[in-house]
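*Asks:* give me a 3D structure for the following:
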Amino acid sequence: MSFEQIKTLDSLLARIDGVQEQVNALKAARPDAYARLMDSWAVESTYNSNNIEGSTLSLGDTALVYDGAPVDAPITDIRQAEGGFAALRFLQRSLEAGEGLSEELIKRAHELAFAEAIDPSTRGAYREVEVEITGATFAPAPAAYVGERISSLVKSTNNSKRHAAITSALFHLEFESIHPFINANGRTGRLISNFILMRAGFEPINIQAESRQRYINAIRRFQEEDDPFPFVSYFCDSLVDRQERVLALLGDGTTDAGNPAASAITSYLDD
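*Replies:* Next up, the predicted model:
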């Protein structure tokens, strides 16, 4: 794996650090407003993460599920949203308790996120069968080596000396390449990547459903050509986008009028 191009991201990483300092100052000054933004992020990120995997729930319906309200939608999609929110709450409690990344944390997050599983025994359990990734020539790790590979990934992530954004992005690439579970690997990988960011003091990102193809193509570049740069660059760009959005919203109290998702969620939270 070559990291030569990743070194060119130093200026972007410096920008990430600088913007986060500004965000932190505003978070301290407006904690209630920030808490509402995190509610908004939970809804929007869960909507996008599930939509990437084929959920038909609208943003508005996802917000209703977040609030525990009934939704007229396929039960599988509803359970995916419920599972996503349960996993987020679990990870937030883990952060507050000062817990670090571990296999147990990953398995529990998967168990909660994979709420729609037909076979409950597959929730939070490494797969015991071989799998294929649709549309890819890449083959995930053999089932016999999943536990060993995840254990190594957790150790290397915890020992990483790289910037948290790089560490989180590389974790996501390796996690999706190992494909440790029978299903819900994408959702779980995105959740844990954000856990890594937040534990390091950064904002969580929101991978937009409309950028699904770029997201998938960047992962494929790593899996099929051993090139992490497209995804790491995309991941860092997504982090900056999130930071600057939070900065703008906390700074003047306005909403992102050009973003229908932001408008819908802000309206929901104002109810």
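
*Asks:* where does pLDDT dip in the stretch 151-271 of the chain?
*Replies:* Across the stretch 151-271 of the chain, residues meeting the criterion (pLDDT under 70) sit at 252-271.

*Asks:* again, only using 90
*Replies:* 251-271 (pLDDT under 90).

*Asks:* now the helices for it?
*Replies:* Using DSSP state H, counting those that start in this stretch, the helices of the stretch 151-271 of the chain run over residues 164-178, 185-199, 212-225, 229-252, 260-270.

*Asks:* can you give me the strands for the stretch 1-150 of the chain?
*Replies:* Under the criterion DSSP state E, counting those that start in this stretch, the stretch 1-150 of the chain contains no strands.

*Asks:* ranges for the helices of it?
*Replies:* 10-29, 31-52, 59-66, 75-96, 103-113, 146-158.

*Asks:* orientation of the first one relative to helix 31-52 in degrees?
*Replies:* Taking axes from the mean of the first three to the mean of the last three Cα atoms, to 10 degrees, helix 10-29 and helix 31-52 form an angle of 130 degrees between their directions.

*Asks:* tell me which residues of helix 10-29 are tucked away?
*Replies:* Neighbour-count burial for helix 10-29, counted by 16 or more other Cβ atoms under 10 Å, picks out Leu12, Leu13, Arg15, Ile16, Val19, Gln20, Val23, Leu26, Lys27. Backbone N, C-alpha and C define where each C-beta goes, glycine included.

*Asks:* list the contacts of that helix.
*Replies:* Under the contact criterion Cβ atoms under 8 Å, 6 or more residues apart in numbering, helix 10-29 has outside partners 34, 163, 165-166, 201-203, 233, 236-237, 239-240, 243-244, 246-247, 250-251.
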